[in-house]
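>>> Make a model of this:
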Amino acid sequence: MGSLTDREWLKMYPEHVSKTIKHPNISLYNLLERTVRKYKDNVGVIYGEEKITYKQIKRNVDNLAGAWHHLGIKKGTRIGLMLSNSPYYIYAYFAAMKLGLIVVQINPNYTLRELLNILKDSLAEYVVAEESKRLLIDQLKDIYSIKVFFTKKNPKNELTSIHELLNNTKFVGNPIAINVKNDVAVIQYTGGTTGVVKGAMLTHYNLIANIVQIYNLYDSNMELGKEIVLTATPLYHVYAMNSAMNFSIYIGATNIVMKKFEINNALYLIDKYRPSYFPGVPKMYSAIINHPDINRYCLSSLQYCACGSAPLPLEIIKRFENLTNAVIREGFGMTETCPTTHRNPHGGIRKIGSVGIPLPDTDSKIIGEAGNELQNDAIGELIVKGPQVMKGYWNNKKETSKVLKDDWFYTGDLARKDKDGYFYIVGRKKEMIIVGGFNVYPQEVENIIYEFPEVVEVAIVGTPNKEGEEVVSAYVVPKKGCTINMKELEGYCYRNLTPYKVPKIFVAMKALPRNSVGKILKRKLVELSIDQNKIYKGYVKE
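As a prediction, the model looks like this:
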């Protein structure tokens, strides 16, 4: 194994990128304080017609923290944020950081069962929720003891609402003392696409280290206090929480916060406010390039575009960049790594289809089944090491020991590395399909099918047949107003893929099942009972 001083990707960093970084030893609340000192009168958040300065943000955060402190909420208490994107999320998040509370990220669309699983696992004592979730919360209280702050005035007066607490004048004073490397800031649950949820413990140091690493790749290009960020992905997910919200605060940017992504509104906001940075997901980029009136909007302000949650098909990258003149800097990350570990560097060599090179202070390698480091271009498991790697899984030493070994995080992703140190994700270890002893990597097949003109989305999975063997199956969604000729699609696959990689089953779908941040739930496809009239060739397990 090589050391971090002789890795081949180090020579690929642009001149402005530091190979090592001195990470600030501050808490997330300290981060907000520092930005307010520099940019207090700058607009920090745009939400609908509301424009909120950094000074106003901090005042609301301090008021809420003071109120919670006087209610007796102590350091280390778990508090669930079950909120859609809004300023309330930002106030509650940073008030928690000031008091040393642990934020438990909760999707507000969870069912009672899903919500209960997370609360029981995290032992959360408080939840911040929207008034629209009152019925669900009332059901929850019948089976779990929880104290709830609703965002707006609460008729039952169980606890004063967040809206009212923002007018509190009982300041905490100095922030609670934080050990940034040891104290957990956020428990971010992961594993929803595989069925078993685990709470990744992200410390203040983990989260701040990652935004400093990302900024270091942009450095001389971004103007502190001048950039505008469009946040369209949910803040209850690590990607938007850190790469959009916390990153915006770190650089003193204006953050346009969308309650949820809606394509017409997103294009309107881009056209009106001219954001320079857009951390999106594949579904958003697809919606932009396929919008029927896209030429009515000016997208030229976009300079820094990133993609998270899932690989971005090459065809979408090409069409988006031709449309906007922006460059999507592909990267890689996971919930457990806050999230980014790799990125195509801004101002450096960019390789389409690669997730780029490790961020500064991040080591990475490809290993075989025996744990040995593999040669260039060999496919194996991607493992990473760096300051952004989580502390472990909450209250789950068994699962932690499986993925954290000698400070290396085992991602479970299959990848390869080229001679320049650029990494390429091939797929998840558990998603790899074995056909006649040969490995089929879903992403490779998906990239080919995305090139077919009538296809807007595709997912490749291994479907068990009657003999219990895996069959390569393609679930395809046609573009609006189009019908896919499956026989022609099959022929296209045969012309571009080795025969054993060609799907033996093609299934027409109206839409693919996704989680709340747009990641395709492939296990759901395997479990689906499909109308046989929608299947071209083959057999799908009922």
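
>>> okay, CA-based contacts and neighbour counts for the rest of this
Will do.

>>> Export only the CA atoms of stretch 119-135, formatted as CSV.
Extracted in CSV, the C-alpha atoms of stretch 119-135 (Å, rounded to 0.1, in the frame of the first residue of the first chain):
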residue,chain,number,x,y,z
LEU,A,119,-37.0,7.3,17.2
LYS,A,120,-36.6,4.0,19.1
ASP,A,121,-33.1,3.5,17.7
SER,A,122,-31.9,7.0,18.4
LEU,A,123,-33.8,7.3,21.7
ALA,A,124,-34.8,10.8,20.6
GLU,A,125,-36.7,12.8,23.3
TYR,A,126,-37.9,15.7,21.1
VAL,A,127,-39.1,16.2,17.6
VAL,A,128,-39.6,19.4,15.6
ALA,A,129,-42.5,18.8,13.1
GLU,A,130,-44.8,20.7,10.8
GLU,A,131,-48.4,21.3,11.7
SER,A,132,-49.4,19.1,8.7
LYS,A,133,-47.9,16.1,10.6
ARG,A,134,-50.2,16.5,13.7
LEU,A,135,-52.3,13.4,12.9
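
>>> And the protein, what are its domain boundaries?
Domain segmentation of the chain under automatic domain parsing yields 1-24+202-428, 26-39+50-179, 433-536.

>>> pLDDT of the longest one, averaged?
To tie it back to what came earlier, the one meant is domain 1-24+202-428. In this model, domain 1-24+202-428 carries a mean pLDDT of 93.

>>> And for the last one?
Rounded to a whole number, the mean pLDDT of domain 433-536 is 85.

>>> Kindly list the main-chain dihedrals of the most centrally placed residue in the chain?
Centroid check for the chain by C-alpha atoms, centre = their mean gives residue 239 as the closest residue, at 3.2 Å. For residue 239, the backbone dihedrals (degrees, to the nearest 10) come out as phi -60, psi -50.

>>> pretty sure it contacts residue 339?
Yes - the pair residue 239 / residue 339 is scored as a contact, 6.1 Å apart, by C-alpha atoms under 8 Å.

>>> Which elements pack onto whichever helix in the chain runs longest?
The single longest helix within the chain, with elements called by DSSP state H, is helix 54-70. Contact here means 3 or more C-alpha pairs under 8 Å, 6 or more residues apart in numbering; DSSP states H and E; on that basis helix 54-70 packs against helix 28-39, strand 43-47, helix 87-99, helix 162-165.

>>> Sort out which residues of it are buried, please.
Across helix 54-70, burial judged by 16 or more other C-alpha atoms under 10 Å covers 54-69.

>>> And those residues, which two are furthest apart?
Farthest-apart pair in those is 54 and 69; separation 22.2 Å (C-alpha to C-alpha).

>>> Going along the chain, name the strands of the stretch 351-500 of the chain.
With DSSP state E, counting those that start in this stretch as the criterion, the stretch 351-500 of the chain has strands at 357-358, 363-367, 380-385, 392-393, 404-405, 408-417, 423-428, 433-435, 438-440, 455-464, 470-478.

>>> Name every strand pairing with the first one and say which way it goes.
Take DSSP bridges as the rule and strand 357-358 pairs in its sheet with strand 340-343 (antiparallel).
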